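[1] this one's structure only:
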Ligand SMILES: NC(=O)c1ccc[n+]([C@@H]2O[C@H](COP(=O)([O-])OP(=O)(O)OC[C@H]3O[C@@H](n4cnc5c(N)ncnc54)[C@H](O)[C@@H]3O)[C@@H](O)[C@H]2O)c1
């Protein structure tokens with residue numbers, strides 16, 4: 001395919017060489033005459049393992065060239081990849097000026113170009129940038145998004161130092177677009193690459209680099225704080241983290257990666273507090289670890305605010321324990337929510353199958369009687385007592401019984417879902433997820 005790439009920095013130079021090596025004809029566009037000259041002399045614009053050989057080889061095979069003339073480049077290609085810089089601006093947001101300059105360039109040229117054109121944003125941008133880019137192109141060119149051109153978000157995941165290796169071994173190829181045909185056509189330029197091709201919504205694709213890189217920064221900072229605490233205790237931090245990484249069930253896995261309600265239970269809050277106190281006693285600063293329970297408290301307050309904002313007094317809770325399948329009420333965040341709302345005068349009933357059984361059999365009776373006798377009085381024996389009487393139903397546990405009952409229930413109460421209960425319930429007209 002004939003492809004133009006805007007920006008000949010790390011991302012652009014690597015894409016230029018690697019796409020050409022996979023058989024495409026690629027022209028690089030940059031405002032820097034020096035970078036354009038480098039490419040046109042068969043030299044890379046960056047220092048990066050293997051890229052010098054690839055650029056030389058592809059230049060000699062006449063599959064790559066570069067220009068400052070964006071008009072000529074856009075006219076002679078069917079896909080334009082945008083890989084210009086998006087540095088941090090003065091207020092902390094990404095500076096998208098270079099991106100929108102390219103939008104103006106494309107608009108100018110597409111005004112005169114009749115062939116359909118695909119524009120792929122490879123740079124890291126804020127969610128909403130593709131749509132804004134499309135609006136600029138439409139305004140400048142008078143052409144229609146989806147009919148004359150299509151935007152595609154296609155974030156780059158390579159790392160400097162291993163950029164060529166990363167380009168040829170992406171964990172996934174991510175493509176977001178409003179237009180399926182454009183997404184599929186763009187995906188075809190990466191046909192030779194391994195890894196799953198993920199087609200998704202534009203804004204999902206756009207936010208992924210923020211999410212990935214923030215998580216990578218969090219991993220490094222977490223490991224460093226654990227290292228600092230271990231070091232103060234004369235424990236080998238690398239042995240600790242090597243063993244940590246061997247647990248592929250809970251540690252290095254997708255477990256616990258579902259947005260939703262706060263954590264609770266007898267272990268996470270207790271052991272986190274223990275480690276925070278240990279770090280404090282050792283005079284080790286560990287702000288990442290110290291802020292974990294603050295984030296958790298914010299999630300509890302978020303639920304209280306969401307319920308209060310409904311302006312309804314009668315609340316029914318499905319689930320009181322900290323997760324489905326247990327009667328353990330120790331540090332259950334739902335208990336905090338209910339106690340706060342009781343203090344504000346709300347009329348509350350609770351149905352929890354597991355806690356109900358333990359009340360009847362006496363297994364958890366001691367805890368209930370000692371710690372939450374006031375909540376025990378609010379518990380009902382039949383889920384329908386909640387469904388029929390209350391104006392807001394809060395789903396706190398992902399129990400099949402709750403999903404099945406809610407799915408077939410016809411009522412007017414608002415459902416507030418803290419656990420992403422199944423699809424049938426999420427389709428209900430008055431439904432609110434905690435963060436979806
Ligand atoms: N460097 C990385 O490892 C990496 C990895 C993944 C994603 N990204 C993202 O990719 C984007 C590019 O990063 P980079 O490191 O390659 O940037 P870079 O600064 O190395 O290169 C950007 C290039 O764009 C050129 N440019 C600016 N305005 C232009 C215009 N109007 N027309 C043509 N060219 C123009 C500049 O002259 C420069 O050569 C950024 O959004 C970055 O966050 C970077």
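    That came through fine. Computed from a predicted structure; not experimentally measured.
[2] after the least confident helix or strand in the chain by mean pLDDT, next one along is what?
    When the helices and strands of the chain are scored by mean pLDDT, DSSP states H and E, helix 353-361 comes last with a mean of 72. Going down the chain from helix 353-361, the next helix or strand is helix 365-371, by DSSP states H and E.
[3] Buried residues, that next one. List them.
    Judged by neighbour count using 16 or more other Cβ atoms under 10 Å, the buried positions of helix 365-371 are residue 368. Any C-beta I mention is one placed from the backbone N, CA and C, and that applies to glycine too.
[4] Please work out the average pLDDT along the helix or strand following it.
    Downstream of helix 365-371, the next assigned helix or strand under DSSP H and E is helix 373-376. On average, the pLDDT along helix 373-376 is 84.
[5] Next SSE downstream of helix 373-376?
    Taking DSSP H and E, what comes next after helix 373-376 is helix 383-389.
[6] Check which helices and strands that next one is in contact with.
    Helices and strands touching helix 383-389, as assessed by 3 or more Cβ pairs under 8 Å, 6 or more residues apart in numbering; DSSP states H and E, comprise strand 314-318, strand 347-351, helix 400-408.
[7] what's the offset of the next helix or strand after it from the middle of its chain?
    Next helix or strand after helix 383-389 toward the C-terminus (DSSP H and E): strand 392-395. The chain centroid and the centroid of strand 392-395 are separated by 27 Å under Cα atoms, centre = their mean, to the nearest Å.
[8] partner strands of strand 392-395, parallel or antiparallel?
    strand 314-318 (parallel), strand 414-417 (parallel) (DSSP bridges).
[9] Nearest approach to the ligand belongs to which of these?
    The ligand sits nearest to strand 414-417 of all those, at 35.2 Å, using Cβ to the nearest ligand atom.
[10] ok, residues contacting that closest one?
    303, 306-307, 310, 312, 391-395, 406, 425-426, 428, 430-434 (Cβ atoms under 8 Å, 6 or more residues apart in numbering).
[11] Could you rerun that using 10 Å?
    260-261, 303, 306-307, 310, 312, 315-318, 390-396, 398, 402, 406, 409, 421, 425-426, 428-434, 436 (Cβ atoms under 10 Å, 6 or more residues apart in numbering).
[12] Just the buried ones out of those, please.
    261, 303, 306-307, 310, 315-318, 390-396, 398, 402, 406, 409, 421, 425-426, 428, 431-434.
[13] These also near the ligand: which ones?
    When Cβ under 6 Å from any ligand atom is taken as the criterion, no member of these contacts the ligand.
[14] quick one: contacts for residue 388?
    316, 382, 409, 411, 413.
[15] Farthest pair within the residues you listed?
    382 and 413 (16.1 Å; Cβ to Cβ).
[16] OK, now which residue of the stretch 251-400 of the chain is nearest to the ligand?
    residue 257 (22.2 Å).
[17] who does residue 94 bridge with?
    Applying DSSP bridges, one finds that residue 94 bridges with residue 88.
[18] Report pLDDT for it.
    If you check residue 94, the pLDDT there is 93.
[19] Tabulate the strands paired with strand 392-395 in a markdown table, adding columns for mean pLDDT and distance to residue 191.
    Converted to a markdown table, these look like this (pLDDT from 0 to 100; distance: least, Cβ to Cβ, whole Å):
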| stretch | mean pLDDT | distance to residue 191 |
| --- | --- | --- |
| strand 314-318 | 96 | 48 |
| strand 414-417 | 96 | 40 |
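[20] Just put those strands in JSON lines and tack on distance to residue 58.
    JSON lines is the format used below for these (distance: least, Cβ to Cβ, whole Å):
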{"stretch": "strand 314-318", "distance to residue 58": "61"}
{"stretch": "strand 414-417", "distance to residue 58": "53"}
